[in-house]
Structure formats: structure tokens, C-alpha cells
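Participant: mind looking at a prediction? Sequence and model below.
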Amino acid sequence: MAEITVRRTSGSRRRGKPSTTWPIHVFLIVAVVFMVVPFVWQLLTVFKTTAEVTRIPPTILPADFSLHSFETFFSTVPFWSMFAVSAGSLVLRVAGQIVVAALAGYAFARIPFRGSRVLFGLFIVMLMVPSQLFLIGQFEIIRDMKLLDTLPALAIPGLFSAFGTFLMRQAFLTMPADYEEAARLDGANTFQVFWYVMLPMARPMLAALAVLTGLYSWNDLLWPLIVSPSGENRPLPVGLAGLQGQFGTDYPTLMAGALVCSIPLVIVFLVLQRQFFAGIASSGLKG
Amino acid sequence: MTTVATKPVRRPTGRRTGVSKPNGWWGLAFIAPATIGLIALYVWPFLSTLMKSFQDVPAFGPATFVGLDNYTALIGDGDFWKAFRNSALYTVIILLGIPLAVVLAALIEQVGRGRAVYRVLFFLPVVTLPVAIGMVWRFIYNGDFGLLNYVLSWFGIDGQFWVADPRFTIYAFGVVGIWMGLGINLIILGAGLQAIPKALYEASSLDGAGRVRQFFHITVPLLSPSIFFVTILSVIAALQMFDLLFIMLRGVNNTALTDSKTIVYLFYEKAFVQFDQGYGAAIAIVLLMVIMIATAVQFRLQRSWVFYG
């Protein structure tokens, strides 16, 4: 009897049914194994020598934990400058986009002005066009501004985002007008209302947008590939792709590079899990 | 009567005109940066792509109007149809991952303790550089000493060159694509599951419905708007696949590369490697049309299976 009641409180939290969850765990753990095996294999490969990796059948554990792969990677690839380019363009893009999108989103949500609806319609149309359609024109603008192979080139198009504007508009629409009116009666102008009252309230959505934009900026390959023709000021994805060409079959070095370049964002994710999940879930607002 | 209601707000302050209502100039000022950026870097490039698709644009020298020549050339181009077929096939494979995501999301939702751990583990590929993912999977798929062939050998299955052999390339990409996208789908579906009233499960289990029945009769119908949304997003993303192909086919023998290009890869190659921007622009416009048609078809089909409670 006692056992049953205990079960009930622990297992029935959601479904109201005394349930055994172990078969679910078994199924999920099998799925998780498929998810993590590539990472585990990568991690094991990093410590092997090139000769060991090409052995048939392959060894599972590295024979003698060699750090050779990291040495080769760091001595041939300017990791820190690539990292600085990736991080710099990310910060520029995220900060810029948040400010621009929050301003516009607030205006679309709260300030009535002539042409507001038509203009918002234009944002929505651009939201639905796939990014490849902009690349040729954006490339020409960057080239004509003589910005090819520079850090700003990586960030500039991403400063402006129809999606970010839309997301911020949705966030401001859901906020109560009371605070705004109170601040206005106290003599705050529109910018002050926006900056001191509304923006702080929009913080969760700002964080979600920042994380989404940051993720996109960090991972993007195609745009950096296009605007860094000479290979100077390359961000990590472009540099890593180059490594693949350079070290064709030196798998430990390739895996070490892939690991080192991926780790910064994985760490950020582990710290900011909630914001990442909220960011992804908020992309659901797009529908 | 109205004067009473509006009096406190209407009261003139004498200092500012816009106390009760922000005036339109503020709106324009707030909107200016975003709008200038949108027009300069999105609307204009879009229109220029559209124009270029009707032009012959040499790498140097002025462009000339050629009407529909780029499009007719595209229709007669075997490479384009191959790319179209590859993108379509890849998209279909990605769609197969959605039922898997629904089942996994429902299972994760049932787990009390440990749910956070599962979410993190399934999400790891999302926060890993796609280029890095491509490199790792390329190694796993390696025909000579890849992990996959080794595991298959335990079961007596002959190894294959999964990437280099064009018979398998797109399928190999599809598996990676499903693996990469699962984390995102699980989060969106998880949010949808949270919204399903728990009382429905309680009532149905009192009526003797088991978990499997509940899954098909409660979870799937009530989750169908989220499933629909995930499907739309997945199809759009799959039709734009580029990174995996770029990294996994670098330096591989040429037949695999020529046989496995996707629409976006072909676009990149024409517009930015061969600098045939007119032809590249036409490919981009076709991509837009393909995505629009695919999305419209799904919106049509949703009437028969999406349930808005």
C-alpha cells in the first residue's frame, strides 16, 4: 500500500497514472547513443596517430593518447585570429540587430504612423524570401564598399533582420500599456519610454533573439565564403573547411580542428540552455 | 460623457505635444534604421537578382537583357535537373525524421527526472559547427576505415563508400540532416506538448486507454499544428542544404560531386565560383519558386490532417 502511494506521487506527476518509466528511458538512451556516438568517436580519434586511424579494423580506444593532432592544428591554423573574427562578427551582428530590430519592432507595435502597415507588410514579404536570393546583391554592395575580406563584411547584412523585427514586434504587442502610459504622464518622451520602460520588459525575447542570431552567425558558412575570397579574416567555419582541403586524410588533426572550433559555442550553450531553448521555441512565432 | 473619460489624458501640458500619444515622427525615427537596411540589403538585392535572371551578366563589362534565355537554358541543363532531384530526395529523407521527432518528443515529455539531460544531448548537434559535423560524419562514412563500415562488419554487412559512391551520397547526407535537425524539432514539438491539457490523458486513462492509444488519439491530433510547423520549417531548410555537401564532398572524386549537387550548391557554383551571375540568379529565382510551391502545397494538405482544436 505504502509502496503504491509513493509510486503515485513520483510517477504520476504529469499523466495521472502510476507508470513505470524505465522502458521510456531504455528507448531514449538508445536514441541518445546514436546522438552522441559521432562526438565520442571524434573525441577518441583526436588522441590517435594518423597511422592508428587508418588501421583496419579500427581501434576503439587510442593506443597512446597522443596530443599530436592538437599540435598540428594549432601550428598550421591561425585559430585565435579565426576565433576573433567569428566572435567579433557575432558580437557586432547580435548587438546591432537587437538595437535595430527592437526600435523598429516597438514602433510597429506601439507607434501609429502613416504607412506603418504597408511597411510592415514589406518586412513580412522579405521574411519569407530565402536568403540565397539576396546574396548576389549583398556581395556587390560589400564589394563596392571595398569591404571584402573584412570583419564588417561578415556582420553588415545581419545587422538588419526582418525576422528580428517581427519577433520584437510580437513581444511588444503582448505587453500591457499601463506602464507606458504611467511613464508618459511622468513626462517621459517616446524614446525614454522605450529605453527605460519597455526594453527592460522585453528582456526574455531580446535574449532569445540574441541567441538565435548568434547561433546563426557562428554557424554560417555560405556568406563568409563569398565575402572572404582571399582567405584573410576568415571566420571559423571557412577556416575549418579549408583545413579539410589541406589535411585531406589526417583525420586526427581534422577531428581536433572540428572539436576546438565547436567547443566555444557548446560551452555558451551549456551556460545559456534556457535562452537557447526559448530562442528556438520563439522561432515558432514565425508561423 | 466622453469629456469625462478623456479629460485626464487630454489635459494639455504646455511643454510637449506628444504626452498622451507618441507622434508619428517618433515612429519614423525608430523605424528608419531597420527600413533603410532592409531596402538597401534585402529589397534591392532581391530585385537585382530578379533582374539579373533576365540578363547575361559577364564577369566584366555591362549586362545585356536576354529575356528568358537563362530559364530556358536551365530547363535544358541536365546538371540543374540532377540538383533538383537531389534536393527533392534530400527533403523527402528529412521528412522521414519528423515522425521520429514526434515519438521522441512525446517520450521525453513523459520523463520527469532527466528530461533536461535528454534535451541537452539531443540539442548538441544544433550548437556544433555544421562544418565540423560534416567533417566528423565524413570520417564515419569513410569507405576504408570509417566507423560505420566497421560496425556493419560485425553483422556481416559489406562496407560501402557512403559519400564517394553517388548511389548513396544523398542518403548519407539525409541521415546526417535528420541527426542535426532533431534537437530543434524536439524543442518546438516539446513546446506544443506542454500546451496539451493533462486532463485529457487522465480522462482517457480512466477509460482504459493505454499509452500507445493515447499517443495516436490525443498527442498526435493535438500536436498536429506544431508538427505542421516543424514540417514547413524542415522542408524550407532542407531545400537550402549547402554546408554538408560543401564540406563532405571537398576533394572527393568528381563523379560524387557532380552527381550530388543540390540547388543551392549549384547556385553558389554558378554565381560565385564561375561568376555567371545571370544564370546563378535564375537558379535562385527557381529556388524561391520551389520553396513557395512546396509551402503552398503543405498549406493545402494541412486541411486534411492538421487539427486546430
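Facilitator: Now that the structure is in, tell me what you want to look at.
Participant: for the stretch 1-150 of chain B, give me the ranges with low pLDDT.
Facilitator: Along the stretch 1-150 of chain B, the model assigns pLDDT under 70 to residues B:1-22.
Participant: for chain A, what's its nearest residue on it.
Facilitator: Of all residues in the stretch 1-150 of chain B, residue B:45 sits closest to chain A, at 2.3 Å by CB to the nearest CB. Backbone N, C-alpha and C define where each C-beta goes, glycine included.
Participant: for that residue, which non-adjacent residue is closest in space?
Facilitator: Of all residues not flanking residue B:45 in the chain, residue A:137 sits nearest, at 2.3 Å (CB to CB, 6 or more residues apart in numbering or on different chains).
Participant: next one: the helix or strand hosting that neighbour to chain centre, how far?
Facilitator: If you go by DSSP states H and E, residue A:137 is part of helix A:132-144. Distance, stretch centre to chain centre, for helix A:132-144: 23 Å (CA atoms, centre = their mean, to the nearest Å).
Participant: next one: stretch A:179-195
Facilitator: 33 Å.
Participant: near chain B, anything from that stretch?
Facilitator: Yes - Stretch A:179-195 lies within reach of chain B by CB under 8 Å from any CB of the partner chain, at A:184, A:185, A:187, A:189, A:190, A:191, A:193, A:194.
Participant: ok so, going back, can I get the helix holding residue A:137 as CSV, trimmed to CA atoms?
Facilitator: Output in CSV follows, covering the C-alpha atoms of helix A:132-144 (Å, rounded to 0.1, in the frame of the first residue of the first chain):
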residue,chain,number,x,y,z
GLN,A,132,20.1,33.0,-51.2
LEU,A,133,18.0,35.4,-53.2
PHE,A,134,19.9,38.3,-51.5
LEU,A,135,23.4,37.0,-51.8
ILE,A,136,24.4,38.3,-55.2
GLY,A,137,23.2,41.9,-54.5
GLN,A,138,24.7,41.9,-51.0
PHE,A,139,28.0,40.7,-52.3
GLU,A,140,28.1,43.5,-54.9
ILE,A,141,27.3,46.1,-52.2
ILE,A,142,30.1,44.8,-49.9
ARG,A,143,32.5,44.7,-52.9
ASP,A,144,31.6,48.2,-54.0
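Participant: now, which of the residues of stretch A:179-195 next to chain B sits nearest chain B?
Facilitator: residue A:190 (4.1 Å).
Participant: next, count neighbours for that closest one.
Facilitator: The local packing of residue A:190 (other CB atoms under 10 Å in any protein chain shown) involves 23 other residues.
Participant: tell me how far it lies from residue A:111.
Facilitator: 7 Å (CB to CB, to the nearest Å).
Participant: quick revisit: now do the residue of the stretch 1-150 of chain B closest to chain A against residue A:134, distance only.
Facilitator: 4 Å.
Participant: contact partners for the residue nearest to residue B:45?
Facilitator: Counting by CB atoms under 8 Å, 6 or more residues apart in numbering or on different chains, residue A:137 makes contact with B:41, B:44, B:45, B:46, B:47, B:48, B:49.
Participant: the fourth one belongs to a strand?
Facilitator: Going back to what we said before, that points to residue B:46. No - going by DSSP: H, G, I helix; E, B strand; the rest coil, the assignment for residue B:46 is helix, not a strand.
Participant: chain neighbours aside, what residue packs nearest to it?
Facilitator: Per CB to CB, 6+ apart, closest to residue B:46 is residue A:133, 5.3 Å.
Participant: pull the CA atoms of stretch B:215-224 into PDB?
Facilitator: Provided in PDB are the C-alpha atoms of stretch B:215-224 (Å, rounded to 0.1, in the frame of the first residue of the first chain):
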ATOM      1  CA  PHE B 215      -0.300   8.800 -28.400                       C
ATOM      2  CA  PHE B 216      -2.300   8.300 -31.600                       C
ATOM      3  CA  HIS B 217      -5.600   9.600 -30.400                       C
ATOM      4  CA  ILE B 218      -4.600  12.600 -28.100                       C
ATOM      5  CA  THR B 219      -1.000  13.500 -28.700                       C
ATOM      6  CA  VAL B 220      -0.700  13.400 -32.400                       C
ATOM      7  CA  PRO B 221      -4.000  15.200 -33.200                       C
ATOM      8  CA  LEU B 222      -3.500  17.900 -30.600                       C
ATOM      9  CA  LEU B 223       0.200  18.300 -31.600                       C
ATOM     10  CA  SER B 224      -0.600  18.500 -35.300                       C
END
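Participant: buried residues in that stretch?
Facilitator: Of all the residues in stretch B:215-224, those buried under the rule 16 or more other CB atoms under 10 Å in any protein chain shown are B:215, B:218, B:219, B:220, B:222, B:223, B:224.
Participant: dump those to a markdown table, plus pLDDT, secondary structure and distance to residue A:253.
Facilitator: As requested, these are exported to a markdown table (pLDDT from 0 to 100; DSSP: H, G, I helix; E, B strand; the rest coil; distance: CB to CB, whole Å):
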| residue | pLDDT | secondary structure | distance to residue A:253 |
| --- | --- | --- | --- |
| B:215 | 92 | helix | 46 |
| B:218 | 92 | helix | 51 |
| B:219 | 93 | helix | 46 |
| B:220 | 94 | helix | 46 |
| B:222 | 93 | helix | 50 |
| B:223 | 94 | helix | 44 |
| B:224 | 94 | helix | 47 |
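Participant: can you tell me how far the residue lying closest to residue B:305 once chain neighbours are set aside sits from residue A:117?
Facilitator: Nearest non-adjacent residue to residue B:305, counting by CB to CB, 6+ apart: residue B:224, 6.3 Å away. Noted for residue B:224: a distance of 31 Å to residue A:117, by CB to CB.
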